[in-house]
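Undergrad: have a look at this prediction, sequence included:
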Amino acid sequence: MSLAGPLRSHRPEPVALDAHAADNLRYIRETMERAGSFTAVPGWGGVTIGLTAMAVALEAARQQTPRAWLATWLVEALLAIGIASGATVRKSRQAKMPLLSGPARKFVLSFAPPLLVGALLTAVLVRAGDWKVLPGMWLLLYGTAVVTGGAFSVRVVPVMGLCFMALGTAALFSPASWGNAFMAAGFGGLQIVFGLVIARKYGG
């Protein structure tokens with residue numbers, strides 16, 4: 001008995017493996033980036049710090065002595081630490097991310113040294129009576145801390161640090177009378193702008 005025609009196997013078309021593999025690789029890469037990044041950098045906390053810094057800049061400009069000016073900004077530094085700590089804890093809890101995770105530890109260990117250097121140099125410069133370099137030094141070292149810590153955070157954080165470093169460099173080579181304005185522009189303006197960006201793109 002002869003067959004009417006040749007047998008044909010109706011097999012489905014093969015899946016485009018290149019596209020499927022690319023999607024898998026993209027998913028794996030994004031997952032690893034999130035797992036290796038400290039994403040609890042507070043956006044609204046940064047905005048709040050910026051607003052308080054603006055108010056402090058106005059108050060500091062009214063001070064009659066360098067020591068009073070320094071004391072005003074040191075109060076703002078302590079206030080900023082409190083705001084940042086509280087906002088970070090809140091954002092970590094909302095994201096269900098432990099504060100003692102690997103990325104968080106790396107962020108802190110990279111962020112802290114430039115700030116400690118800044119505190120030490122501040123004491124030395126105040127003792128020597130060299131007040132004019134403080135604004136530029138603070139902005140530069142804070143920016144350095146943000147860049148180094150930001151290597152373990154979301155991409156916009158190191159960019160913010162570079163902006164602080166650029167502003168600090170400009171302050172070091174500008175007239176001393178501009179120092180308070182640079183402080184307001186950095187710890188006030190930049191914090192508000194980047195805080196809004198972080199809050200919008202990465203939540204709270």
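TA: Cool, the structure landed.
Undergrad: for the protein, longest helix please?
TA: helix 66-95 (DSSP state H).
Undergrad: and the angle from the helix or strand that comes right after that one to helix 66-95?
TA: Going down the chain from helix 66-95, the next helix or strand is helix 102-128, by DSSP states H and E. Helix 102-128 and helix 66-95 meet at an angle of 180 degrees, taking axes from the mean of the first three to the mean of the last three C-alpha atoms, to 10 degrees as the criterion.
Undergrad: and helix 102-128, what does it pack onto?
TA: When contacts are defined as 3 or more C-beta pairs under 8 Å, 6 or more residues apart in numbering; DSSP states H and E, helix 102-128 packs onto helix 134-150. (Glycine included, C-beta is placed from N, CA and C.)
Undergrad: residues in contact with the helix it packs on?
TA: Applying C-beta atoms under 8 Å, 6 or more residues apart in numbering, the contact partners of helix 134-150 are 38, 70, 107-108, 110-115, 117-118, 121-122, 125-126, 157-174, 179-180, 182-183, 186-187.
Undergrad: repeat that for 7 Å
TA: Contact partners of helix 134-150, identified using C-beta atoms under 7 Å, 6 or more residues apart in numbering, comprise 107, 110-111, 114-115, 117-118, 121-122, 125, 157-158, 160-162, 164-165, 167-169, 171-172, 179, 182-183, 186.
Undergrad: which among those residues end up buried?
TA: 107, 110-111, 114-115, 118, 122, 157-158, 160-161, 164-165, 167-168, 171-172, 179, 182-183, 186 (16 or more other C-beta atoms under 10 Å).
Undergrad: the residue positioned nearest the centre of the chain: which element?
TA: For the chain, the residue nearest the mean C-alpha position is Val157 (3.5 Å; C-alpha atoms, centre = their mean). Using DSSP H and E, Val157 sits within helix 156-172.
Undergrad: tell me the helices and strands packed up against that helix.
TA: In terms of contacts (3 or more C-beta pairs under 7 Å, 6 or more residues apart in numbering; DSSP states H and E), helix 156-172 is packed against helix 134-150, helix 179-183, helix 191-202.
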